[in-house]
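Enquirer: Okay, predicted coordinates and the sequence, questions at the end:
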Amino acid sequence: MTSAPAEPLGTRIRRLRADRGWTQRELAEPGYDRGFLAKVETGSRPPSEEMLAYLADRLGLTVDELRFGRPPGVAAQLRDALDEGYRDLEQGRVAAASERFASVAKQAEGYHLDDVECYARFCQAEVKWQLFDVEGAQAALEHAEELADAAAPWLRAMIVHRWSGCRYLKGDAGAALARVEEALGVLEGDPDAELCLLSALIHPLMEMGGLHRAQRAALAGRRLIRSATRPDFVARFHRQASQVWQAIGESERAEQDLIEASRLFASVGFDRDAARCRWARGYLLRRLGRLAEARAELTEARDQLAAIGSEEGVAGATIELAEVRLRQGAASEAASLVNSVLPLLTQDVETLGEATGLLGQIAQAQNDPVSATRLLREALEIQTRASLHGAAVSTSLRLGDVLRQRGHLDEAIAAYRRGLDSAEVTDP
């Protein structure tokens, strides 16, 4: 794709006139005289808005096509290029996607297509997200947001969704939730955008102990599905809502949501997100005690995510796989799996806390209570700082049990008390 031409307006008018084989008189009359058009073409006189509209109509163009040198239909072509690049990204062709996004962003800027440029900037943020560069993704999203007033509601919602995700991964769950709720508060009746924002609420609420609020978001989202037009947004909602159904004991409903999400993502070529659904289903199967099925699903999800370069996905699926192997009695293999992805977790506070706590459980299984105590304490501190109250409750209980078994009763009581404090923050 070529860059937008840096061509003076007068020169462009002269070129378009000449392309049609017209004289200055033939283009100018009857609205304007030939001499005035000559001055416009040489750049000595700028055209008025009225003259610009007149000339655009005579040339069969819109005013902006004439003003900015946009070829007819270029906006739609650039959006199509971004859609294709996003599928490249989802299928692991990161370099090709990144190159396409940069090219479109440059052209959109040259053609003054703010909505298309905003979309291109968002796609560039998605490259950072795919590469697990949380800081870079957040900065790119904020760059996209500079043009968000020109963007469609669905894109503005997706920018907020991803920005919230970045803040959450960095341990600022409160800011993540506040931003999504603020965006929902000013949203005006767009079902795709609303579904996107409701999806963004569910996981942080669940991890902060807000099950009832998460359930309200899931139920509100279900009412929107029939009105939504974007299958990827519907799929993303199904994947997030499955967490709620799991938490309230509706496992069959949760599994059906994950299967439907995977189907929808696959139907639009979003391989990365389809693999993340397999990861989520593996988590559900582990919770249901179907460990052999969980191991197979998580192994496949991890391998698919590795093939398309999704480091964040690889890390999460590997941690889940390690927990399955621990429950199957393979503590050494579980430890090896966790340690293999620890370097990837510096920007993902939630998974770092989970991984550290899991290493504590592994140490306990290997009859190393001293290491278990240290690791569980580290995990609890990470989770508490990040307001991950649900995870902190579980870690506090494990830590208290280890301390009690070691005979440190006062410390055990203190750990249990911290768990109670975290539980009190969750909604009733």
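Expert: Nice, thanks for sending it over.
Enquirer: for the stretch 301-428 of the chain, which spans come out with low pLDDT?
Expert: Applying pLDDT under 70 to the stretch 301-428 of the chain picks out residues 426-428.
Enquirer: should've said the chain
Expert: 1-6, 426-428.
Enquirer: care to break it down by domain?
Expert: According to automatic domain parsing, the chain comprises the domains 9-72, 366-428.
Enquirer: most packed of these?
Expert: Mean neighbours per residue, mean count of other C-beta atoms under 10 Å, is largest over those for domain 366-428, with a mean of 18. Any C-beta I mention is one placed from the backbone N, CA and C, and that applies to glycine too.
Enquirer: who touches residue 205 in this structure?
Expert: For residue 205, the contact set (C-beta atoms under 8 Å, 6 or more residues apart in numbering) comprises 177, 211, 213-214, 217.
Enquirer: what sits against the residue at minimal distance from the centre of the chain?
Expert: In the chain, the residue lying closest to the centroid (C-alpha atoms, centre = their mean) is residue 162, at 4.0 Å. Contact analysis of residue 162 by C-beta under 8 Å, 6+ apart lists 122, 125-126, 129, 137, 141.
Enquirer: mind saving the C-alpha coords of the helix or strand where it lies as PDB?
Expert: Counting by DSSP states H and E, the element that carries residue 162 is helix 153-169. Provided in PDB are the C-alpha atoms of helix 153-169 (Å, rounded to 0.1, in the frame of the first residue of the first chain):
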ATOM      1  CA  PRO A 153     -18.600   3.300  19.600                       C
ATOM      2  CA  TRP A 154     -17.400  -0.300  19.400                       C
ATOM      3  CA  LEU A 155     -13.800   0.800  18.900                       C
ATOM      4  CA  ARG A 156     -13.900   3.300  21.800                       C
ATOM      5  CA  ALA A 157     -15.200   0.500  24.000                       C
ATOM      6  CA  MET A 158     -12.500  -1.800  22.900                       C
ATOM      7  CA  ILE A 159      -9.800   0.800  23.700                       C
ATOM      8  CA  VAL A 160     -11.200   1.100  27.200                       C
ATOM      9  CA  HIS A 161     -11.500  -2.700  27.500                       C
ATOM     10  CA  ARG A 162      -7.800  -3.200  26.600                       C
ATOM     11  CA  TRP A 163      -6.600  -0.200  28.700                       C
ATOM     12  CA  SER A 164      -8.500  -1.700  31.600                       C
ATOM     13  CA  GLY A 165      -6.800  -5.000  31.000                       C
ATOM     14  CA  CYS A 166      -3.400  -3.400  31.000                       C
ATOM     15  CA  ARG A 167      -4.100  -1.700  34.400                       C
ATOM     16  CA  TYR A 168      -5.400  -4.900  35.800                       C
ATOM     17  CA  LEU A 169      -2.400  -6.900  34.800                       C
END
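Enquirer: Next, the angle from whichever helix or strand comes after that helix to helix 153-169.
Expert: Moving toward the C-terminus from helix 153-169, the first helix or strand encountered (DSSP H and E) is helix 173-186. Calculated by axes from the mean of the first three to the mean of the last three C-alpha atoms, to 10 degrees, helix 173-186 forms an angle of 160 degrees with helix 153-169.
Enquirer: who are the neighbours of helix 173-186, in terms of helices and strands?
Expert: The contact analysis (3 or more C-beta pairs under 8 Å, 6 or more residues apart in numbering; DSSP states H and E) places helix 173-186 against helix 153-169, helix 191-207.
Enquirer: Which one of those lies nearest to residue 280?
Expert: For residue 280, the closest of the helices and strands packed on helix 173-186 is helix 191-207, at 10.4 Å, according to C-beta to C-beta.
Enquirer: Now do that closest one: distance to the chain's middle.
Expert: 11 Å (C-alpha atoms, centre = their mean, to the nearest Å).
Enquirer: any idea of the angle it forms with helix 153-169?
Expert: 10 degrees.
Enquirer: what's the following helix or strand after helix 191-207?
Expert: Immediately after helix 191-207, counting by DSSP H and E, sits helix 211-224.
Enquirer: Give me the angle between the helix or strand that that following helix is followed by and helix 211-224.
Expert: Using DSSP H and E, the helix or strand that follows helix 211-224 in sequence is helix 231-247. If you take the same axes, to 10 degrees, helix 231-247 sits at 140 degrees to helix 211-224.
Enquirer: mind listing what's buried in helix 231-247?
Expert: The neighbour-count check on helix 231-247 (16 or more other C-beta atoms under 10 Å) flags 232-247 as buried.
Enquirer: Tell me who's in contact with residue 217.
Expert: Counting by C-beta under 8 Å, 6+ apart, residue 217 makes contact with 198, 201-202, 205, 244.
Enquirer: Let's see that with 10 Å instead.
Expert: Applying C-beta atoms under 10 Å, 6 or more residues apart in numbering to residue 217 gives the contacts 180, 184, 197-202, 205-206, 210, 237, 240-241, 244.
Enquirer: And for residue 283?
Expert: 242-243, 246, 254, 258, 294, 297-298, 301, 316-317, 319-321, 323-324.
Enquirer: what about 6 Å?
Expert: residue 320 (C-beta atoms under 6 Å, 6 or more residues apart in numbering).
Enquirer: Return the angle between stretch directions for the helix or strand hosting it and helix 231-247.
Expert: Assigned by DSSP H and E, residue 283 belongs to helix 271-287. In terms of direction (the same axes, to 10 degrees), helix 271-287 departs from helix 231-247 by 10 degrees.
Enquirer: which element follows helix 271-287 toward the C-terminus?
Expert: Following helix 271-287 toward the C-terminus (DSSP H and E): helix 291-307.
Enquirer: Can you tell me what sits against that next one?
Expert: With C-beta under 6 Å, 6+ apart as the criterion, helix 291-307 contacts 275, 278-279, 281-282, 285-286, 313-314, 317-318, 320-321, 324, 327-328.
Enquirer: Can you turn the buried part of those into a PyMOL selection?
Expert: Applying 16+ other C-beta under 10 Å to the contacts of helix 291-307, the buried members can be selected in PyMOL as follows:
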select buried, resi 275+278+279+281+282+285+286+313+314+317+318+320+321+324+327
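Enquirer: Looking at the contacts of helix 291-307, spot the one nearest residue 10.
Expert: residue 313 (52.9 Å).
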